[in-house]
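> Here's my sequence, what's the structure:
(2 chains)
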Protein chains: 2
Amino acid sequence: MTAQRNNKPEDYSKGFPGATANLLCDCQINHMQTTNDSLIRDAIELTLLPSIGRLSQNHLWKALRSISDLFSMDEHSLAAFGIPGEAFSLIRSRGCQATASEIFDWGRREGCQFLLRGGPGYPPLLEEISDPPLILYARGHLEVLEKPCIAVVGTRRPTIYGLQMAQGIASDLSSRGICVTSGLARGIDAAAHRGCLEGGGSTVAVLGCGIDIVYPKEHQRLTQTILEKGLLLSEFAPGTSPAPQNFPVRNRIISGLALGAIIVEASEYSGSLITARLAMEQNREVFAIPGNLTSPQSFGPNFLIKQGAKLVQSWRDIAEELPSEIRQQILIREDSRPCRNPELEMLSEEENRILALLKTDETMQFDRICRTAKLSVPQLSTLLLHLEMNGWVRQLPGNLFVRIRK
Amino acid sequence: MTAQRNNKPEDYSKGFPGATANLLCDCQINHMQTTNDSLIRDAIELTLLPSIGRLSQNHLWKALRSISDLFSMDEHSLAAFGIPGEAFSLIRSRGCQATASEIFDWGRREGCQFLLRGGPGYPPLLEEISDPPLILYARGHLEVLEKPCIAVVGTRRPTIYGLQMAQGIASDLSSRGICVTSGLARGIDAAAHRGCLEGGGSTVAVLGCGIDIVYPKEHQRLTQTILEKGLLLSEFAPGTSPAPQNFPVRNRIISGLALGAIIVEASEYSGSLITARLAMEQNREVFAIPGNLTSPQSFGPNFLIKQGAKLVQSWRDIAEELPSEIRQQILIREDSRPCRNPELEMLSEEENRILALLKTDETMQFDRICRTAKLSVPQLSTLLLHLEMNGWVRQLPGNLFVRIRK
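As a prediction, this is how the structure comes out:
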């Protein structure tokens, strides 16, 4: 799939409104200096060649010592790479070199970063997917990519429920040090970005158009805030218009950057279900927010849960599936929050009595708890179930119970 | 847990309003004649002994050749069975024999059946649970127990959504030959019974009180309809009032009769979650209807799904988990329904084109479908996903697709 380029290169500097250069951190510029400028120009040139698709780019990247070598290859070698004959002259004549240079210069001028596959700043998780983009255009704060990321995606036509859930879960994650990636689309995507910013954290928006284009137009202000506090990424050359076919391709990056993807709402035909499938193929955790069967927008998440996606009731369900060191960090942060005690205070007198009996390192038999707490069997069953659902106790085989350190 | 007996035996015949004897099938009476009447009387007597709980009853049933032997045991043997000393005289003097006889005679007079564990008519699935009731009082059509059963349970304080779902799924199941068991409680239980009757099928209500008592009072008409078209069951002696502690105990029978249990709505403290846990312990399939996270009544089902219960979007999700011979019967019945073709007509022109290309016994590669159907990659991805979600195609490893015989 090749990017549609509608704007002329000389339009790039006008492409994005507002002063963005001053938003860049010095550290990012230093980062970039270490990558060879001519290699970046060559990589841009390669992605501009109309007859070399993502598959061939990937193939060349793996096979060549440096992708710059492409331009010195003879016709026989080019053919061996499956490159069609009509592209030979364009490669040999360096027909796209001038445009690539203009893009590069525009980027330097406008504070756009170039993340080259295998180079500094390129997200390591993204390298793991089957077809990582050769180059990523980036604007904003590159350091947010160092945080663990979770993708939050969904339909462009959500319900109020979906919007609330997307914003809520993104806010909960971001306030716990998780970065939320999404696609800056209308609906769930925008709610996820907003929730993330609201939670005081950072967010990454992966675009289906050039990094100089604001799409949809009404997200101008949101885009500006993301630039200031997060990161915009695109694999499409500046000036690429938001063509429908770009979005499914872009989705692999949203999930590719993340440890897992949460699908909030998605009707039967929603592209978010494709993101979920991509995430599964990329060995990412897939999460979904359940919803009423009567809501068409909840069809997708409910279907995914049936297929094995993890049902999400709160941020804790996501934290549980993260690598242990990240989970640990989140829980340490959680322990230091001031709002811990009210949770304990919300338990009933009987529940507190049961908790006081149980230990975290020793099991206790149901009957013994029953006798000691002076509760009836049905009473104790109900209370233990409630405690278990709220993460206070765990039942082990043999009707044994332990307290969980919260 | 012993049943509370408030009504005197002589009240039994008045206990249940309406003429019920004429509703009985002859076949059921014949059934009963084969069981030894004195054995039934002895079993009733055993369950009336205040100091012998369900555990001891179970223990005695397993250990003795006939439970009638209890009444000829010496004190030493009774003590060996863990029966407390204060019960000895009541057992030896046959203190409950007269009451047991009155119950038996009342049953014969009022058309109440006695299902004795190990005897004719006793549900085989119920025998499999860890503590089957020694005796079941039954009114209505015993033959409904020969159908495959699914339990549909939930909160007594449902939302409109929950009521709709309970009624809908029960109706869908009953019209496909599945019998629905529930507890005749307010809310989800009643909606499940009603849905089942609406679907033209039969339903079993398991009571938490004596079989002669209508509880709650407003279910008088529903109880009467179940008597006419289904079955009422109780392990509690006639006259037992609906004490709160009876209900969790009764729940094990609701799920014990069934191949699986569907939890429709249940808040954090709902007894339905205990039914779900019992069903899991009984190795029954546990199903749950998802719902919005903002609805407290959907907390339970969502929680259960997270714990491994199967999310239900339609009756098909339940049919899929049933033993193959039952599933087959349902699908054969489904094939003969007149409303099959509209489903195919609802597919788009492109989807029908894809289906025409695919075979049920041969896989086809994504790229080949793409070329042959003349569709773009994102278009085909979306269409295949939709077809898969609607059960028309299946994806196999290696991006291969097959059509499913529907």
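
> How about the residue of the stretch 201-350 of chain A found nearest chain B: what's its closest non-neighbour residue?
In the stretch 201-350 of chain A, the residue found nearest to chain B is A:Pro290; the distance is 3.7 Å by Cβ to the nearest Cβ. (C-beta placed from N, C-alpha, C; glycine too.) Sequence neighbours aside, B:Pro290 is the residue nearest to A:Pro290 in space, at 3.7 Å (criterion: Cβ to Cβ, 6 or more residues apart in numbering or on different chains).

> need the contact list for the one you found.
Neighbouring residues of B:Pro290 by Cβ atoms under 8 Å, 6 or more residues apart in numbering or on different chains: A:290-293, A:298, A:302, A:305, A:311, B:298, B:301-302, B:305, B:311-312.

> List phi and psi for the residue of the stretch 201-350 of chain A closest to chain B.
Taking degrees, to the nearest 10, you get phi -70, psi 160 for the backbone angles of A:Pro290.

> distance of it from A:Gly300?
Distance, A:Pro290 to A:Gly300, using Cβ to Cβ, to the nearest Å: 11 Å.

> What is the burial count for the nearest residue in space to A:Cys179 that is not next to it in sequence?
Leaving aside its sequence neighbours, A:Cys179 sits nearest to A:Lys147 (Cβ to Cβ, 6+ apart; 4.1 Å). Counted with other Cβ atoms under 10 Å in any protein chain shown, the neighbours of A:Lys147 add up to 16.

> Could you pull up phi and psi at A:Lys147?
Main-chain dihedrals, A:Lys147, degrees, to the nearest 10: phi -80, psi 160.

> Tell me the spacing between it and A:Arg41.
For A:Lys147, the distance to A:Arg41 equals 30 Å [Cβ to Cβ].

> repeat for A:Ser376
77 Å.

> Show me which of the two is the more surrounded one.
Using other Cβ under 10 Å as the criterion, A:Ser376 and A:Arg41 rank with A:Arg41 on top: 18 against 13.

> tell me what the strand or helix carrying A:Ala79 is packed against?
Using DSSP states H and E, A:Ala79 falls within helix A:75-80. Here helix A:75-80 touches helix A:85-92, going by 3 or more Cβ pairs under 8 Å, 6 or more residues apart in numbering or on different chains; DSSP states H and E.

> Any buried residues in the following helix or strand past the helix it packs on, and which?
Next along the chain after helix A:85-92, taking DSSP H and E as the criterion, comes helix A:97-110. For helix A:97-110, the neighbour count (16 or more other Cβ atoms under 10 Å in any protein chain shown) marks A:99-100, A:102-104, A:106-108, A:110 as buried.

> tell me which helix or strand of chain A sits lowest on mean pLDDT?
Confidence across the helices and strands of chain A bottoms out at helix A:12-15, with a mean of 38, counting by mean pLDDT, DSSP states H and E.

> Tell me where the model's unsure across the stretch 301-406 of chain A.
Scanning the stretch 301-406 of chain A for pLDDT under 70 picks out A:337-345, A:360-361, A:405-406.

> just the residues of it that are near chain B, which are they?
A:302-303, A:305-306, A:310-311, A:313, A:317, A:376-378, A:381-382, A:385-386, A:389-390 (Cβ under 8 Å from any Cβ of the partner chain).

> cutoff 10 Å now
Along the stretch 301-406 of chain A, the residues adjacent to chain B under the rule Cβ under 10 Å from any Cβ of the partner chain are A:301-307, A:309-314, A:317, A:320, A:348, A:376-379, A:381-386, A:388-390, A:395, A:399.

> ChimeraX command to pick out the buried ones of the residues you listed?
A single ChimeraX command selects the buried members of these (16+ other Cβ under 10 Å):
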select /A:301,302,303,304,305,306,309,310,311,312,313,378,379,381,382,383,384,385,386,388,389,390,395
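
> After the helix or strand where A:Leu273 lies, which helix or strand is next? Please name it.
Assigned by DSSP H and E, A:Leu273 belongs to helix A:272-281. Using DSSP H and E, the helix or strand that follows helix A:272-281 towards the C-terminus is strand A:285-288.

> Which elements pack onto that next one?
The contact analysis (3 or more Cβ pairs under 10 Å, 6 or more residues apart in numbering or on different chains; DSSP states H and E) places strand A:285-288 against strand A:149-153, strand A:260-263, helix A:272-281, helix A:299-306, strand A:310-311, helix A:315-319.

> any idea which of those is most buried?
The highest mean neighbour count among the helices and strands packed on strand A:285-288, using mean count of other Cβ atoms under 10 Å in any protein chain shown, belongs to strand A:149-153: a mean of 31.

> As CSV, could you dump the C-alpha coordinates of that one?
Extracted C-alpha coordinates of strand A:149-153, given in CSV (Å, rounded to 0.1, in the frame of the first residue of the first chain):
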residue,chain,number,x,y,z
CYS,A,149,2.4,1.6,26.5
ILE,A,150,-1.2,0.3,26.2
ALA,A,151,-3.3,0.9,23.1
VAL,A,152,-6.9,2.1,23.7
VAL,A,153,-8.9,1.9,20.5
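
> That one and chain B in contact?
No - using Cβ under 10 Å from any Cβ, strand A:149-153 stays clear of chain B, with a minimum separation of 14.5 Å.

> Helix A:272-281 and that strand, what's the angle between them?
With axes from the mean of the first three to the mean of the last three Cα atoms, to 10 degrees defining the directions, strand A:149-153 sits at 150 degrees from helix A:272-281.

> tell me the mean pLDDT over strand A:149-153?
For strand A:149-153, mean pLDDT is 97.

> and the next element down the chain from that strand?
Later in the chain than strand A:149-153, the nearest helix or strand by DSSP H and E is helix A:160-174.

> what's the angle between that next one and helix A:299-306?
With the same axes, to 10 degrees defining the directions, helix A:160-174 sits at 50 degrees from helix A:299-306.

> Could you pull out the buried residues of helix A:160-174?
Counting neighbours by 16+ other Cβ under 10 Å, one finds that the buried residues in helix A:160-174 are A:161-174.

> pLDDT weak spots in chain A?
A:1-35, A:337-345, A:360-361, A:405-406.

> quick one: which helix or strand includes the closest residue to chain B within the stretch 301-406 of chain A?
Proximity of the stretch 301-406 of chain A to chain B (Cβ to the nearest Cβ) peaks at A:Pro378, 4.1 Å away. Assigned by DSSP H and E, A:Pro378 belongs to helix A:377-389.

> what helices or strands is that helix leaning on?
So helix A:377-389, by 3+ Cβ pairs under 10 Å, 6+ apart, packs with helix A:349-357, helix A:366-373, strand A:393-396, strand A:400-403, helix B:246-256, helix B:272-281, helix B:299-306.

> So for A:Leu259, which of those sits nearest?
Of all the helices and strands packed on helix A:377-389, helix B:299-306 sits nearest to A:Leu259, with 18.7 Å by Cβ to Cβ.

> Let me know how buried A:Met73 is, in neighbour terms.
The number of residues packed near A:Met73 is 18, by other Cβ under 10 Å.

> wait, doesn't it sit right on A:Ser66?
No - contact criterion Cβ atoms under 10 Å: A:Met73 and A:Ser66 do not qualify, at 11.7 Å.

> Just list the residues touching the residue of the stretch 51-200 of chain A found nearest chain B, thanks.
Nearest to chain B, among the residues of the stretch 51-200 of chain A, is A:Tyr161, at 5.6 Å (Cβ to the nearest Cβ). Counting by Cβ atoms under 10 Å, 6 or more residues apart in numbering or on different chains, A:Tyr161 touches A:264-265, A:289, A:291-292, A:295, A:297-298, B:292-295.
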